[in-house]
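Chemist: I would like the atomic coordinates for the input below:
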Amino acid sequence: MDAELPVLSISRLGALVKEGLSTLFPDDVWVEGQVSNLRTPRSGHAYFDLIEPSDEPGRPPTAAFSVALWKQVRATVERTLTEANGPPLVDDLQVRVRVRLDFYPPHGRLQLIMNGIDPTFTLGRLAAERDRLLGQLVEEGLLDRNASLAVPQPALRIGLATSIGSAAYADFHNELERSGVAFTLLERDTRVQGEGSASDIAEGLRVLSSHQPDVIALVRGGGSAADLSVFDAEVVARAIAAVATPVFTGIGHEIDRSVADEVAHSAFKTPTACAAALVGTALAYRDRIDSLRVAIGQNARRAIEKSEVLRSDLANRLVRAAGSSVRRHSDLLAAQQARIARSSTSSIRRQAEWLDSLAARLRALDPARVLARGWSVTRHSDGQLVRSTTSLSTGNGLVTLVADGTVNSTVD
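Modeler: Residues are numbered from 1 along each chain as shown. Here you go, the predicted structure:
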């Protein structure tokens with residue numbers, strides 16, 4: 001053991017450290033860092049870690065200090081941020097805080113006691129972060145991706161991401177109901193402010209998109225820029241760019257446009273304006289259908305009238321053509337009748353002469369007339385003609401036909 005080295009008790013060492021810190025840092029100092037692991041117990045105090053993130057994603061912080069924000073000072077800090085239109089104190093927020101270094105010997109803990117905040121630093125960092133995010137989204141081709149999606153016509157199946165029961169929900173819902181249009185609402189109760197709201201919004205968008213609505217409306221009632229800072233979150237912007245459904249925003253801020261507004265298909269100042277836009281597109285579609293119906297009716301009437309004129313003209317032309325055809329065919333029929341009459345008379349005369357000739361020929365061939373001229377016809381007793389003497393035998397009976405009768409004889 002080195003006798004020259006002092007020997008100190010734990011309490012004495014703690015007292016010396018505390019005294020030394022007071023000597024080195026007699027006044028408050030400003031410290032810049034990122035809020036992490038924010039805790040707000042029932043006591044009203046707030047506790048968090050002020051960290052210096054690593055330049056390499058996923059690596060532990062380069063440095064960290066525990067910070068205590070007592071209840072009374074917390075109220076002042078929150079009022080300072082609100083009056084400057086800054087965001088609330090939340091995790092991942094870049095801040096410049098006024099602190100006093102404190103060492104608590106009973107626990108051997110070095111802690112920063114927060115006494116104030118510089119809102120201009122935070123707002124500047126937020127603006128810089130916003131510009132960085134927008135630039136990155138442009139570089140990745142995500143800024144206009146949702147805007148390039150076609151909105152179905154009519155868009156009647158609406159996904160709604162908002163806090164159900166809020167004023168924003170009521171305004172949006174009432175605007176749709178008053179329109180008389182048969183909208184179908186798919187609602188997802190979504191946190192739109194406070195811790196974890198950015199992740200909840202992103203999840204809500206993904207859930208609604210999975211049900212394939214025509215449009216998703218992301219709405220929130222009015223508030224300070226601090227209340228609306230969640231809509232500048234990268235996770236929200238990327239969720240909007242990733243869904244395959246057009247996203248309409250109505251975030252309720254008349255002046256500033258959030259990153260969500262920039263990435264969305266269409267951005268409106270309020271939830272009511274967002275709903276009114278949807279109503280307007282539905283009514284415009286209905287008006288176009290009504291106009292088409294009227295135009296179709298008018299065109300049909302004109303077509304019918306034109307057809308009636310054509311039919312009447314065709315009927316008249318047919319009547320005229322039929323009359324002319326009947327007259328022409330009547331003349332042809334009369335001429336044909338005259339020709340038939342003339343040819344019939346001549347034919348009958350020729351046929352009569354031919355018949356007379358046939359009769360004369362028949363008369364000439366009449367057997368009676370042949371017999372009358374002195375001819376006779378001899379037959380066997382069985383009626384067969386005797387054509388030759390060779391067919392005769394002695395004793396054959398013969399019958400001879402003469403003009404005035406028959407003679408029976410026998411061959412000797």
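Chemist: could you pull out the helices for the stretch 201-350 of the chain?
Modeler: Using DSSP state H, counting those that start in this stretch, the helices found in the stretch 201-350 of the chain span residues 234-242, 259-263, 271-364.
Chemist: mind putting those in a markdown table, mean neighbour count, mean pLDDT and distance to L149 included?
Modeler: Glycine gets a C-beta too; all of them are placed from N, C-alpha and C. Below are these laid out as a markdown table (neighbours: other CB atoms under 10 Å; pLDDT from 0 to 100; distance: least, CB to CB, whole Å):
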| stretch | mean neighbour count | mean pLDDT | distance to L149 |
| --- | --- | --- | --- |
| helix 234-242 | 21 | 95 | 11 |
| helix 259-263 | 23 | 94 | 12 |
| helix 271-364 | 12 | 84 | 14 |
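Chemist: span of stretch 100-117 from start to end?
Modeler: In stretch 100-117, first residue to last residue: 13 Å (CA to CA, to the nearest Å).
Chemist: so for that stretch, mean pLDDT?
Modeler: What stretch 100-117 shows for mean pLDDT is 92.
Chemist: again with stretch 54-68
Modeler: For stretch 54-68, mean pLDDT is 87.
Chemist: P213: neighbour count?
Modeler: As a burial measure, P213 scores 21 neighbours (other CB atoms under 10 Å).
Chemist: apologies, that question was intended for T82.
Modeler: 16.
Chemist: for it, give me phi and psi.
Modeler: Main-chain torsions, T82, degrees, to the nearest 10: phi -60, psi -50.
Chemist: then G86?
Modeler: Taking degrees, to the nearest 10 as the convention, G86 sits at phi -90, psi 170.
Chemist: doesn't L123 make contact with it?
Modeler: Yes: contact criterion CB atoms under 8 Å: G86 and L123 qualify, at 5.4 Å.
Chemist: after the helix or strand where A75 lies, next one along is what?
Modeler: Taking DSSP states H and E as the criterion, A75 maps to helix 71-83. Using DSSP H and E, the helix or strand that follows helix 71-83 in sequence is strand 94-104.
Chemist: in the helix or strand following that next one, what counts as buried?
Modeler: Where DSSP H and E defines the elements, the next helix or strand beyond strand 94-104 is strand 109-117. Residues 111-112, 114, 117 are the ones in strand 109-117 that count as buried (16 or more other CB atoms under 10 Å).
Chemist: picking up where we left off before, now for the helices of the stretch 201-350 of the chain, which one comes closest to Q153?
Modeler: Closest to Q153 of these is helix 271-364 (CB to CB; 5.2 Å).
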